[in-house]
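Visitor: generate coordinates for the sequence data below:
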Amino acid sequence: MSQPAATTVEVNGHPCRVWTKGSGPKLGFLAGLGGLPRWLPFLDRLAETRTVIAPSLPGYPGATGHTELDSHLDWVLAVRQLVDKAGLAGADLVGASVGGAFAAEMAAVFPERVGKLALIAPFGLFDDREPAADPWAQRKDVLPGLMCADAARWNDLVAAPDGANSVEWPIEMTRASEAAARAFWPLGNTRLEKRLGLIAAPTLILWGDRDGLLPPSYAGRFARGITGSTRVETVANAGHLAYLDQPDAVAKAVLAHFA
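Guide: Residues are numbered from 1 along each chain as shown. Model prediction:
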C-alpha cells in the first residue's frame, strides 16, 4: 500500500495535516474517533476511482489547535476552515463517527460546500430511551470492543505507526481523545437534530450492525430528520468504525452513492 502525499494547512494558526491520494473527482474524508494515525485500506479502495483528501481534525493525529476551540460553534467554524483550505469546498464528503457529525454540520450550515454526503455512524444525537455509550468512561480493555466488531482492528489503528516516537505516541492518542471530548462530551450530543432539516444534499447513512457505541436505531433518526433524499444501509459484521471492520463493503457502498 503506497503512502499518500502529505501537506499542511493552518487552522486558527495551528497546523493540520492533509493526506491526498488517488485520481478522479475529489472526495473528502473526516475520520472518526482515533483519527487517522495511518492511511487505511478503506481509503485505498476509495482512491481507486476518486482523489481522496483526508484532513486531520484539530488535536487528532497530524494536527494541533484543539485547545483553542471552546464551543461547538468554534469547532464547526474550524472544520469549515479545514474543508476549504484542504480544497474540498463543494466536493462530496464522507464523515464517520465524530467526523460524521462535522460532515453533517457542513452540509446543514454551509450547504454550498458539500456535494453528496455519506455518514458512517455519526455523532450528534442522543436518545434517552436508547442511550449511547460514553467512550471517555470506558476501561482500556473494553473500548476496542465498542469501536469495532473485531477489537484487533481498533488496536491496530491506535498502535504507534512506523517512525513514531514510542514515548510520545500515547500522548498523541490522549490528545486525540481529549479533542473529541472537547467537541462531543458528554455522550456525543450536540443537538444536531435541530439542524438536520437544513441538509438537502443526497445522503447515505451507514451503520454497523454491531455498533456498541451508538445504537443502530440512530440511523433512522438521522434519516427522518434530513430533508434531502436519504438512504440507510446496514453494514454486516461491523462495529462503530465500520470502515475498519469492513473496508471493502463500506467503500463499495460509498462509491455507489457518489456515482
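Visitor: so which bits of stretch 243-254 are buried?
Guide: Tyr243, Leu244, Asp245, Gln246, Pro247, Ala249, Val250, Ala251, Ala253, Val254 (16 or more other Cβ atoms under 10 Å). Where C-beta positions appear, they are placed from N, C-alpha and C, glycine not excepted.
Visitor: residue contacts, the residue nearest to Ala236 when sequence neighbours are not counted?
Guide: Leaving aside its sequence neighbours, Ala236 sits nearest to Asp209 (Cβ to Cβ, 6 or more residues apart in numbering; 5.7 Å). Applying Cβ atoms under 8 Å, 6 or more residues apart in numbering to Asp209 gives the contacts Pro216, Thr234, Val235, Ala236, Asn237, Ala238.
Visitor: out of the residues you listed, what pair is the most spread apart?
Guide: Pairwise distances across the contacts of Asp209 peak at 12.9 Å for Pro216 and Asn237 (criterion: Cβ to Cβ).
Visitor: same drill for the two, tell me which one is more crowded.
Guide: Pro216 (16 against 13; other Cβ atoms under 10 Å).
Visitor: go ahead and confirm that one touches Trp207.
Guide: Yes. Contact status for Pro216 versus Trp207: in contact at 4.7 Å, counting by Cβ atoms under 8 Å.
Visitor: anything in contact with each of those two?
Guide: Contacts common to Pro216 and Trp207, judged by Cβ under 8 Å, 6+ apart, are Thr234.
Visitor: on that earlier part again, may I have the phi/psi pair for the residue nearest to Ala236?
Guide: Taking degrees, to the nearest 10, you get phi -70, psi -10 for the backbone angles of Asp209.
Visitor: show the pLDDT at it.
Guide: Per-residue confidence (pLDDT) for Asp209: 97.
Visitor: now swap in Asn165 and tell me
Guide: At Asn165, pLDDT is 82.
Visitor: from Glu172, how far out is it?
Guide: 9 Å (Cβ to Cβ, to the nearest Å).
Visitor: of these two, who's got more company?
Guide: Set side by side, Asn165 and Glu172 show more neighbours around Glu172, with 19 against 9, by other Cβ under 10 Å.
Visitor: can you verify my assumption that that one contacts Pro61?
Guide: Yes. Using Cβ under 8 Å, Glu172 is in contact with Pro61, at 5.8 Å.
Visitor: so what sits against both of the two?
Guide: Pro37.
Visitor: who's in contact with stretch 94-103?
Guide: Under Cβ under 8 Å, 6+ apart, the answer for stretch 94-103 is 27-33, 46, 57, 75-76, 79, 93, 104, 114, 117-124, 180, 183-184, 188, 190, 192, 240-243, 254.
Visitor: among those, which lie within helices?
Guide: Judged by DSSP state H, the contacts of stretch 94-103 include Leu46, Trp75, Val76, Val79, Ala104, Ala180, Ala183, Phe184, Ala242, Tyr243, Val254 as members of helices.
Visitor: could you measure from the fourth one over to Asp127?
Guide: Taking Cβ to Cβ as the criterion, Val79 is separated from Asp127 by 24 Å.
Visitor: which one of those two has more residues nearby?
Guide: Set Val79 next to Asp127 and count neighbours by other Cβ under 10 Å: Val79 wins out with 26 against 14.
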